[in-house]
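> Got a predicted structure plus its sequence, pasted below:
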Amino acid sequence: MSDALVGDYDTEPPTPDREMRLDGGTASTLDAWIRSMSRPAPTAVGRLPSHSPTCAGCGKDNPAGLALEVDATEHGVSAVHRFDDRQEGAPGITHGGLVAAAFDDLFGFLLYRVGELAVTRSLTVEYLRPVLLGLDYGFTAYVRDRTGRRLHVDAAATDEDGRQVATAHATFVTVDVEHFEQGSSAKR
Ligand SMILES: CCCCCCCCCCCCCCCC(=O)SCCNC(=O)CCNC(=O)[C@H](O)C(C)(C)COP(=O)(O)OP(=O)(O)OC[C@H]1O[C@@H](n2cnc3c(N)ncnc32)[C@H](O)[C@@H]1OP(=O)(O)O
């Protein structure tokens, strides 16, 4: 893991921008993103910074995103989220793919706890009850265990009556910073 992955807890990372330069043109966009990424202490509790302002899961500047707000808890992470009309599947019901996206992004916040970069290798969601639009749901996630580069993570979503509406499990695989260089050649 890069030493550059140290930042201020309260600082939101900038939008990764291919034109962004830190030091007169020598630093890559990826460097800028990584250098600026906040890394709370693994034991800290409270609101966590988004992965980036344009992250589809948690970025405030992504009009098509979920804009999840996620807190570090004693044992993992949590969020309260309300899906809206943009996430509709069947009338009044959240599209399952967007529920999965919420879980996936929530798992991405566990990386602040782990202190290493990782990406989703597999994600399984059990849809126990319809997730309704316009209602608050509580999401929690934690790292169950680790085997080598594999992080096994679990999550659940509950409705306002405390009933589980969905559970999720994922395997994240730790990666080097260089993994994200693949995004530098993306056509936009
Ligand atoms: C510092 C703090 C920063 C915090 C803040 C970070 C922010 C950082 C951005 C996050 C943002 C989040 C947002 C949401 C999370 C995404 O959306 S992530 C994006 C979606 N995922 C991807 O794009 C991943 C695409 N896949 C890949 O790039 C590659 O397949 C991977 C995952 C890097 C693995 O490839 P590889 O490095 O060649 O590794 P490989 O040898 O195939 O397998 C590695 C290990 O995993 C095991 N494995 C592979 N597949 C499986 C499987 N399905 N089941 C179980 N084990 C498996 C292998 O057996 C192996 O185990 P070990 O022998 O090492 O113990």
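Perfect, I can see it now.
> Stretch 103-116: which residues count as buried?
Judged by neighbour count (16 or more other C-beta atoms under 10 Å), stretch 103-116 contains these buried residues: 103-114, 116. C-beta coordinates here come from the backbone N, C-alpha and C atoms, glycine included.
> and that stretch with the ligand, contact?
Yes. Applying C-beta under 6 Å from any ligand atom, one finds stretch 103-116 touching the ligand at Asp104, Asp105, Gly108, Leu111, Tyr112, Gly115, Glu116.
> Double-check the fifth one against Val70; I have them as touching.
No. Taking C-beta atoms under 8 Å as the definition, Tyr112 is not a contact partner of Val70, at 9.0 Å.
> intersection of neighbour lists for the two?
Common contacts of Tyr112 and Val70 (C-beta atoms under 8 Å, 6 or more residues apart in numbering): Leu48, Val77.
> just to revisit the earlier point, out of the residues of stretch 103-116 next to the ligand, list just those in strands.
Judged by DSSP state E, strands contain none of the residues of stretch 103-116 next to the ligand.
> could those be laid out in TSV, adding pLDDT?
Formatted as TSV, those follow (pLDDT from 0 to 100):
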residue	pLDDT
Asp104	98
Asp105	98
Gly108	97
Leu111	94
Tyr112	91
Gly115	88
Glu116	90
